[in-house]
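Peer 1: For reference, the sequence and a predicted model appear below.
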Amino acid sequence: MSVFSAKDFNAQRYSTIRPTYPDSFYEVLSKYHQGPREMLIDVGCGPGTATFQLADCLNSFEKLIGTDLSSTMVENARATQEQNADKYANVSFVQSPAESFEFLGRNAYKQKCDMITAVECAHWFDFEKFQSAAAANLRAGGTLAIWGYGDFFFPDYPKLDFEIDDLTFGEDKFGPYWQQPGRNIACEMLKDLHYDSRWFSDAEEVYYYKEDLKGKGPKSTPLFMYKRLTLTDLKEYIKTWSGYHSWQKDHPKPEKDITDIFIERVKELYPELKDESEVQITWRTFWMFARRKP
């Protein structure tokens, strides 16, 4: 995950244009959780996107801590918290790898946490080590919740599905610039990763693929994630990808930016679309819940 840790990574743009998670999903998570709500730790929190949503939607938790390996992301999250200090007085952020809970000091590895979350980040982890560390810090019955999204598609402009996949995976485009195996794990929405039955029970794994989401909307799916973006905003979203950041390193002064080439292709396929035209993108989504065994 070194790209997101880079000092020149634009964490502010990432925070502004990346998707958020619907309130309906947090209702599902809240209903799943059983018992006390004293401490929640959001691992791999990035700029705090889900951490702040957790504070808003699961406001019965007394203390929320966001952790991330990237100092760039943590600094951005802290700045947001400081700007909203009254609202998020119970939220804090620390720099820490996902597999370590040393920041808890004397409470580390003593099963003091009520919920641990990992949102759109677990594909970067050593999953076995992360599960072991989470199990050592979750109280009996505490919740481990992982969720996120895969690649997106264009429900109203189907010809663009091939184009975005080609941009993402093409050998002459972003294909060689993703960090692996994390990128492939993310694309597959962690479907080959499962909770260890030595530590966890009551596992719930839910996946929404393109076929499940076609013709659907927010009221039909708790984790229905979509955005309506202008073509200009879509280009900015693509620029938040780690693949783009790595491509840019190899192409510091391109004759034409790869995102401009993509938007030109969009307009070629759908001439009615202009820079200011809005298109909907819909993400494939998933969640994995489990409870710490006694």
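Peer 2: Thanks, I have it.
Peer 1: where do the strands sit along the chain?
Peer 2: Under the criterion DSSP state E, the chain contains strands at 39-43, 63-68, 91-95, 113-119, 138-153, 200-208, 225-230, 278-292.
Peer 1: surely residue 289 meets residue 30?
Peer 2: No: here residue 289 lies out of contact with residue 30, judged by C-beta atoms under 8 Å, at a distance of 11.3 Å. In short, each C-beta sits where N, CA and C put it, glycine included.
Peer 1: Comparing those two, which residue is more hemmed in?
Peer 2: Neighbours per residue (other C-beta atoms under 10 Å) separate residue 289 from residue 30, with residue 289 holding more: 21 against 17.
Peer 1: Who is the more buried one paired with across the strands?
Peer 2: Listed by DSSP bridges, the beta-bridge partners for residue 289 are residue 145, residue 204.
Peer 1: Give the burial count for residue 172, as a bare number.
Peer 2: 8.
Peer 1: And residue 64, by the same measure?
Peer 2: 24.
Peer 1: and it, bridged to which residues?
Peer 2: Counting by DSSP bridges, residue 64 is bridged to residue 40, residue 91.
Peer 1: what's near enough to touch it?
Peer 2: 39-42, 51, 54-55, 90-92 (C-beta atoms under 8 Å, 6 or more residues apart in numbering).
Peer 1: Buried members of those residues into ChimeraX, please.
Peer 2: Burial among the contacts of residue 64 is assessed by 16 or more other C-beta atoms under 10 Å; the matching ChimeraX selection reads:
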select :39,40,41,42,51,54,55,91,92
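Peer 1: Redo the contacts of residue 64 as a markdown table? Include distance to residue 148 and pLDDT.
Peer 2: Below are those laid out as a markdown table (distance: C-beta to C-beta, whole Å; pLDDT from 0 to 100):
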| residue | distance to residue 148 | pLDDT |
| --- | --- | --- |
| 39 | 22 | 98 |
| 40 | 17 | 98 |
| 41 | 17 | 98 |
| 42 | 13 | 98 |
| 51 | 14 | 98 |
| 54 | 14 | 98 |
| 55 | 19 | 98 |
| 90 | 24 | 98 |
| 91 | 21 | 98 |
| 92 | 23 | 98 |
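Peer 1: center of this protein - which residue?
Peer 2: Nearest residue to the geometric centre of the chain (C-alpha atoms, centre = their mean): residue 120, 2.6 Å.
Peer 1: can you pull the contacts of it?
Peer 2: Applying C-beta under 8 Å, 6+ apart to residue 120 gives the contacts 44, 46, 50, 147-149, 186.
Peer 1: again, only this time at 10 Å
Peer 2: If you count contacts by C-beta atoms under 10 Å, 6 or more residues apart in numbering, residue 120 has them with 18-19, 21, 44, 46, 49-50, 146-150, 186, 283, 285.
Peer 1: Sort out which of the residues you listed are buried, if you could.
Peer 2: 19, 21, 44, 46, 49-50, 146-150, 186, 283, 285.
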